[in-house]
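Enquirer: Requesting a structural model of the entry that follows:
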Amino acid sequence: MISAGCLGHGRCTRWAAQRGQSSTEYVIVCAALALALGLDMNSDTSVLWQLIDAFKSAYANFSYAVSLPG
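Expert: Have a look, this model is predicted:
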């Protein structure tokens with residue numbers, strides 16, 4: 001089976017090779033961001049805990065608004 005963007009025999013078009021490179025860069029950036037936000041997870045004032053609390057509050061407000069009668 002030939003994957004999308006590959007011509008067979010292990011040769012891929014430039015587009016397919018760039019798509020793989022961008023996903024690798026995305027993983028590296030996300031890992032660095034997660035590491036930077038999670039460095040000081042022991043305190044209640046860390047950036048990551050503040051972000052998690054903000055998501056919880058926003059979801060609670062959203063679910064309340066959705067549950068209101070039409």
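
Enquirer: Mind jotting down where the strands sit in this structure?
Expert: Per DSSP state E, the chain carries strands over the ranges 6-8, 11-12.

Enquirer: Just the pLDDT for L7.
Expert: For L7, the pLDDT comes out at 60.

Enquirer: Longest helix of the chain, counting residues only.
Expert: helix 14-37 (DSSP state H).

Enquirer: Remind me what that helix packs against, helices and strands.
Expert: Secondary-structure packing of helix 14-37 (3 or more CB pairs under 8 Å, 6 or more residues apart in numbering; DSSP states H and E): helix 47-67. Yep, even glycine has a C-beta here, placed from its N, CA and C like the rest.

Enquirer: The same query, at a cut-off of 10 Å, please.
Expert: Here helix 14-37 touches strand 6-8, strand 11-12, helix 47-67, going by 3 or more CB pairs under 10 Å, 6 or more residues apart in numbering; DSSP states H and E.

Enquirer: So which of the ones you listed is the most surrounded?
Expert: Burial of those is given as mean neighbour count (mean count of other CB atoms under 10 Å); strand 11-12 ranks first at a mean of 13.

Enquirer: State the mean pLDDT of that strand.
Expert: 64.

Enquirer: follow-up on the earlier one: I'd like the distance from the longest helix of the chain to the chain centre, please.
Expert: 10 Å (CA atoms, centre = their mean, to the nearest Å).

Enquirer: Compute the inter-axis angle for that helix and helix 47-67.
Expert: Using axes from the mean of the first three to the mean of the last three CA atoms, to 10 degrees, the inter-axis angle of helix 14-37 relative to helix 47-67 is 110 degrees.
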